[in-house]
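I would like the atomic coordinates for the input below:
(2 chains)
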Amino acid sequence: MMSAAPLSAIIADAASESVIESPLARAWRRLQRRKGAMLALVLLLIIVILAVFAPYLSLHDPIKQGWSSVRKPPSALHWFGTDEVGRDLFARIIYGARASLSAGVISVTIALFLGVPLGILAGYRGGWIDALISRFTDAMLACPFLILAIAMAAFLGPSLTNAMIAIGITATPLFIRLTRGQVISVKVEDYVEAARAVGNPPARIAFRHILPNIMPQLLVQATLTIATAIIAEAALSFLGLGQQPPQPSWGSMLNSAQRFLSNAPWMAVFPGIAIFITVLSFNLLGDGLRDALDPRAK
Amino acid sequence: MLSLLGNRLLQLLPTVFFVSVIIFLLQQLLPGDPATVMAGEENDPEVIAQIRKQYRLDQPLPVQYVYWIGGVLKGDLGESMRLKASVTDLVLQKLPVTMQLAFMAIIIALVIGVTAGIISAVKRDSFWDYAVNVISLWGISTPNFWLGIMMILFFSVYLGWLPASGYVSPFEDFWGSIRTTIMPAFVLGNSIAGILMRHTRAAMLQALESDYVRTARAKGLMEKTVVIKHAMRNALTPIITLGALEFGTLLSGAVLTEQIFTIPGFGKLIVDAVFNRDYAVVQGVVLVTATTYILLNLLADIGYILVNPRLRA
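Modelled structure (predicted):
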């Protein structure tokens, strides 16, 4: 039989935890236990610092061509070597991080701004509005992600901005479907009923009472979708539909590297590692957040 | 079962309709007058007028859609402006190449993904479990096109074992075909294997903790029999659906993989069309991929019903 002392200690612990710890603090505490997620956070911090402070961290101009240093292997002067027109690859990679990170974040922001209101509308209102939005979502999801993004970028015209728009629109149905599902399960909760009973208008209920409660799931999906968006941007730039030369982007660097594979393999190795580490970090962080924000987890 | 299938088919109709609307509307994204853009460098007003008439761009949008979808329903996806050939013919010509790649890729993904997922679940929290987790993350996070380039560098440039590019039909030379397609198929299968590993592991863990597995163990059956005959059989059912859902990932991946390995398939067709502003081909390829995806999902549903006795009643 359990003694009284440990039981009271457990109750006191539980009470103090529930009183003192905010949901954010609890999530952060749980996230800290996930080694992969913490490693991802450190890696992402390094990548962001490299991207933001690129002008101060690189000895070379990412666009300046140098005919005396064409396709030089990695050395003390050029850490990652140089490309086919003598540009420093380290400089191009850290400047390229700006394109990749901004493409990932901006396109997911577009998808959130379009998808969340539509998902709330479909889930909260139901009826023919829900049927219409849901069928449209199904149709968008039936078109393979990258193929639709390529088609859209092709019609919009090649540029980084258009690539972000194309990726953002293509990712929108993911957020519509997720938000709709979450809203349907949350809207029957007592606190939503209470908000309705005191006469709150539907828009206020949706954005003040429902939205904050589905934020954790949206945050996890957004983090994982940034990873997909970064790969999609690199793919579009690889095909010449994203960042335009001479501006650096990891995808376009891989494209030019392909032609010099046998005599300058470093041109292909480093941009690929950059994409891999960034995407891996977002995937690890997304997985960690999913566990940390899971209400069933301890 | 028939009514279930009938319902599924009825639900598909609005989705297919919306897919066609989205693809039709892609043309409206063209900045400026579509006829002028389609004419390209040809600024001749007569050519522009001809294009406008040919594609009925002078008609209201709904009318344009009705003409377009009418053609699509009769198997006419339009004409390639660059190749001066029917888009339907082009698609039919390229589709088998991509299908061969997709088929090989899905086999590679299933063999690697399902096996690793089962091992990971059976040896939970062991070194093998962590190793599979790492491999799965690697598969999900590696861009296909980079993996393709790295494989060319290693197997073609350094070792000289496999050709870096090109395609041989299996009907001409079977082993030659395998040699030209094994690398791109592995590249395509890699990311799907990563996803399958995760799902198989989760499904197997659930199955291994279920009552029927506990009963099988209590009966004194060998662990191998419990895992293979009881847990695996039930856990792998959802993988059928997942395999069909991942077909979209496969086709997306094929676009870049075919470009890297210079394989004359579906992916290369759309990329070449994008570069040459051959918009009818772009629309045709997206329409065919989306329809194939929808049909595969339907097939997956049928497969799901067939293997799940509870749904057959």
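
Please determine how far residue B:25 is located from residue B:113.
36 Å (CB to CB, to the nearest Å). C-beta here means a position set from N, CA and C on the backbone, and glycine is covered the same way.

Kindly apply the preceding question to residue B:149 instead.
For residue B:149 relative to residue B:113 (CB to CB), the value is 23 Å.

The residue lying closest to residue A:154 once chain neighbours are set aside: what secondary structure?
Of all residues not flanking residue A:154 in the chain, residue B:274 sits nearest, at 4.1 Å (CB to CB, 6 or more residues apart in numbering or on different chains). Using DSSP: H, G, I helix; E, B strand; the rest coil, the structure places residue B:274 in helix.

which stretches of chain A form helices?
For chain A, helices defined by DSSP state H occupy the ranges A:4-20, A:23-33, A:35-52, A:54-57, A:89-125, A:127-142, A:145-156, A:160-186, A:190-197, A:202-204, A:211-238, A:250-258, A:266-292.

Please render those helices as JSON lines that adds mean neighbour count and mean pLDDT to the earlier fields.
Shown next, in JSON lines, are the helices of chain A (neighbours: other CB atoms under 10 Å in any protein chain shown; pLDDT from 0 to 100):
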{"stretch": "helix A:4-20", "mean neighbour count": "10", "mean pLDDT": "59"}
{"stretch": "helix A:23-33", "mean neighbour count": "14", "mean pLDDT": "86"}
{"stretch": "helix A:35-52", "mean neighbour count": "16", "mean pLDDT": "95"}
{"stretch": "helix A:54-57", "mean neighbour count": "12", "mean pLDDT": "92"}
{"stretch": "helix A:89-125", "mean neighbour count": "23", "mean pLDDT": "95"}
{"stretch": "helix A:127-142", "mean neighbour count": "18", "mean pLDDT": "90"}
{"stretch": "helix A:145-156", "mean neighbour count": "26", "mean pLDDT": "87"}
{"stretch": "helix A:160-186", "mean neighbour count": "23", "mean pLDDT": "93"}
{"stretch": "helix A:190-197", "mean neighbour count": "13", "mean pLDDT": "89"}
{"stretch": "helix A:202-204", "mean neighbour count": "12", "mean pLDDT": "87"}
{"stretch": "helix A:211-238", "mean neighbour count": "24", "mean pLDDT": "92"}
{"stretch": "helix A:250-258", "mean neighbour count": "25", "mean pLDDT": "93"}
{"stretch": "helix A:266-292", "mean neighbour count": "22", "mean pLDDT": "93"}
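
Show me which residues of the stretch 101-250 of chain B sit near chain A.
B:137-138, B:140-143, B:145-146, B:149-150, B:152-153, B:157, B:248-249 (CB under 8 Å from any CB of the partner chain).

Helices - which of those land there?
Short answer: these in helices (DSSP H) are B:137, B:138, B:140, B:141, B:145, B:146, B:149, B:150, B:248, B:249.

Grab the two from those residues that are most spread out in space.
Greatest spacing in these, by CB to CB: B:150 and B:248 (24.3 Å).

if you count what's nearby, which of the two comes out ahead?
The neighbour count for residue B:150 versus residue B:248, taken as other CB atoms under 10 Å in any protein chain shown, is higher for residue B:248 (23 against 18).

who touches the nearest residue to the more buried one once chain neighbours are set aside in this structure?
Nearest non-adjacent residue to residue B:248, counting by CB to CB, 6+ apart: residue A:144, 3.9 Å away. Taking CB atoms under 8 Å, 6 or more residues apart in numbering or on different chains as the criterion, residue A:144 is in contact with B:248, B:249, B:251, B:252, B:289, B:290, B:293.

Am I right that the last one is in contact with residue B:251?
Read that as residue B:293. Yes. Residue B:293 is within contact range of residue B:251, at 7.4 Å (criterion: CB atoms under 8 Å).

Looking at those two, which is more packed in?
Remark: of residue B:293 and residue B:251, residue B:251 carries more neighbours, 28 against 22, as counted by other CB under 10 Å.

What distance do you get for the more buried one to chain A?
Remark: distance between residue B:251 and chain A (CB to the nearest CB, to the nearest Å) = 5 Å.

check contacts around that residue.
A:144, A:147, B:98, B:102, B:266, B:267, B:289, B:292, B:293.

ok, the fifth one - contacts?
Read that as residue B:266. B:91, B:94, B:95, B:97, B:98, B:251, B:254, B:255, B:258, B:285, B:288, B:289.

Which single one of these is nearest to chain A?
residue B:251 (4.7 Å; CB to the nearest CB).

any idea how far that closest one lies from residue B:289?
5 Å.

ditto for residue A:188
For residue A:188, the distance to residue B:289 - CB to CB - is 38 Å.

Between those two, tell me which one has more neighbours.
residue B:289 (29 against 8).

The more buried one and residue A:146 touch, don't they?
No. The criterion here is CB under 8 Å, and residue B:289 misses it with residue A:146 at 10.4 Å.

Strands of the stretch 51-200 of chain B, start to end?
For the stretch 51-200 of chain B, applying DSSP state E, counting those that start in this stretch gives no strands.

Which residue is it, in it, that comes closest to chain A?
Closest point on the stretch 51-200 of chain B to chain A, by CB to the nearest CB, is residue B:146, at 3.5 Å.

Just give the nearest non-adjacent residue to that residue, would you?
residue A:272 (3.5 Å).

go on, residue A:232?
residue A:167 (4.8 Å).

go on, residue A:32?
Closest residue to residue A:32 apart from its sequence neighbours, by CB to CB, 6+ apart: residue A:38 at 6.3 Å.

Please tell me how far the one you found sits from residue A:31.
Where residue A:31 is concerned, residue A:38 sits at a distance of 7 Å (CB to CB).

which residues do the two both contact?
In contact with both residue A:38 and residue A:31: residue A:288, using CB under 8 Å, 6+ apart.

which residues of the stretch 101-250 of chain B score low on pLDDT?
Along the stretch 101-250 of chain B, the parts satisfying pLDDT under 70 run over B:240, B:244.

what ranges do the helices span in it?
In the stretch 101-250 of chain B, the helices defined using DSSP state H, counting those that start in this stretch lie at B:127-141, B:144-151, B:174-208, B:211-218, B:223-225, B:233-235, B:237-245, B:247-260.

Kindly report the residues of the stretch 51-200 of chain A close to chain B.
Near chain B, when you scan the stretch 51-200 of chain A using CB under 8 Å from any CB, you find A:135-136, A:138-140, A:142-148, A:150-152, A:154-157.
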